[in-house]
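Engineer: Structure, please.
(2 chains)
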Amino acid sequence: MTNNPITEAGFTSTLSQVDVLWLGFYIAAIVFIVHALIVGYHWFTYGTDTKTPVLAVTIYAAVGAVILLSIAGLISFI
Amino acid sequence: MLFERIKLEGEETMLRIVRKHWWVIFVRLFLITVTALFPLILLVVLPVFSSSLNTSVSLSEHWQSVTVLYLFWLLGCWISVGAALTDYYLDLWAISDRRIVAIEQNGFFRRRLSSFRLERLQDMNINVTGVIPTLLNFGTIEAQTAGGSNEEFKTDTMPDPRGLKALIINAADIRQREAGITNQLNQEGL
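Structural biologist: Okay, here's the model as predicted:
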């Protein structure tokens, strides 16, 4: 796929399609990390036991990381 | 942890931690799953419509970009799963042999914690309305306290409301009896 500049309504951006996807990836990664930190804080602070929050936060972070890595992998192949 | 925050008294023992019925989280997760699958359904339906309209929609050339966009969508859905599970896990009633602590979590930054001592319990009402609540045995439970506001101790979709009511009433009876004996001994100067 070629990295053509995005042209819309007379406005030409120097960002290619891949650049836009990378930008989206960085924003999504920041949103997910911040969300995971907030989720972890709540589970560990207000949870009723230790085992459940550890398991839940690990699964949450791991699945999110897999999705983010898949996105990064795919974008780098475009 | 929660128990450090609500500060259990010396000989206070926790009888039960009650979260909302599993149906609540099931419905939320089901809706998120449908949302997650929606783009895939669209990808199946779109070629059928485009062929009937004699237009060609070919995504095979852009499969990588389409997959990346779908993964962004999945990440959004996964974040919703995290929020839903947090909401469910942190909404609870902690019933001890001395008091009830009702915690209501709305989103991440809105949390209401209210408690009342079992000596103050006057009555409990349960309300099971509808086919699914009746079949799955969940409903609204409301505690009326002496001189207190009822609104704070009303929670919906609680599992086994009758069993819960029996447990709380029983604990309150024991507590009120103990409190009565202590008052009597104090009055007699013993």
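Engineer: Please enumerate the strands of the chain.
Structural biologist: Using chain A here. A:5-8, A:11-16 (DSSP state E).
Engineer: not quite, I wanted chain B
Structural biologist: Assignment of strands within chain B using DSSP E yields the ranges B:14-19, B:92-96, B:99-105, B:111-117, B:121-127, B:138-145, B:154-159.
Engineer: which strands and helices sit next to the fourth one?
Structural biologist: The one in question is strand B:111-117. When contacts are defined as 3 or more Cβ pairs under 8 Å, 6 or more residues apart in numbering or on different chains; DSSP states H and E, strand B:111-117 packs onto strand B:99-105. The way it works is simple: take the backbone N, C-alpha and C, and place the C-beta from them, glycine included.
Engineer: So the strand it packs on, near chain A or not?
Structural biologist: Yes. Strand B:99-105 lies within reach of chain A by Cβ under 8 Å from any Cβ of the partner chain, at B:103, B:105.
Engineer: would TSV of the strands of chain B with mean pLDDT and distance to residue A:71 be doable?
Structural biologist: Shown next, in TSV, are the strands of chain B (pLDDT from 0 to 100; distance: least, Cβ to Cβ, whole Å):
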stretch	mean pLDDT	distance to residue A:71
strand B:14-19	90	34
strand B:92-96	90	35
strand B:99-105	88	30
strand B:111-117	86	33
strand B:121-127	88	47
strand B:138-145	90	39
strand B:154-159	90	36
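Engineer: For the strands of chain A, which has the smallest mean pLDDT value?
Structural biologist: For the strands of chain A, mean pLDDT drops lowest on strand A:5-8, to a mean of 55.
Engineer: Looking at the longest helix along chain B now, give me its mean pLDDT.
Structural biologist: If you go by DSSP state H, chain B has its longest helix at helix B:22-52. Averaged across helix B:22-52, the pLDDT comes to 88.
Engineer: buried stuff in that helix?
Structural biologist: By neighbour count on 16 or more other Cβ atoms under 10 Å in any protein chain shown, the buried set for helix B:22-52 is B:23-25, B:28, B:32, B:36.
Engineer: on contacts alone, who are the packing partners of it?
Structural biologist: Packed against helix B:22-52 by the contact rule (3+ Cβ pairs under 8 Å, 6+ apart) you find helix B:63-90, strand B:154-159.
Engineer: now it, how far from the centre of its chain.
Structural biologist: 25 Å (Cα atoms, centre = their mean, to the nearest Å).
Engineer: Kindly report the residues of chain B close to chain A.
Structural biologist: With Cβ under 8 Å from any Cβ as the criterion, chain B meets chain A at residues B:1-3, B:5, B:17, B:62, B:64-65, B:67-68, B:71-72, B:74-75, B:78-79, B:81-83, B:85-86, B:89-90, B:92, B:94, B:103, B:105, B:108, B:111.
Engineer: Now, of those residues, which are buried?
Structural biologist: Neighbour counting by 16+ other Cβ under 10 Å classes B:2-3, B:65, B:67-68, B:71-72, B:74-75, B:78-79, B:81-83, B:85-86, B:89-90, B:92, B:94, B:103, B:105 among those as buried.
Engineer: What's the separation between the residue lying closest to residue A:31 once chain neighbours are set aside and residue A:30?
Structural biologist: Of all residues not flanking residue A:31 in the chain, residue B:79 sits nearest, at 7.2 Å (Cβ to Cβ, 6 or more residues apart in numbering or on different chains). Using Cβ to Cβ, to the nearest Å, residue B:79 is found at 12 Å from residue A:30.
Engineer: Show the contacting residues for the residue most central in space within chain B.
Structural biologist: Centroid-nearest residue in chain B: residue B:20, 3.6 Å away (criterion: Cα atoms, centre = their mean). Taking Cβ atoms under 8 Å, 6 or more residues apart in numbering or on different chains, we find residue B:20 in contact with B:88, B:91, B:138, B:155-159.
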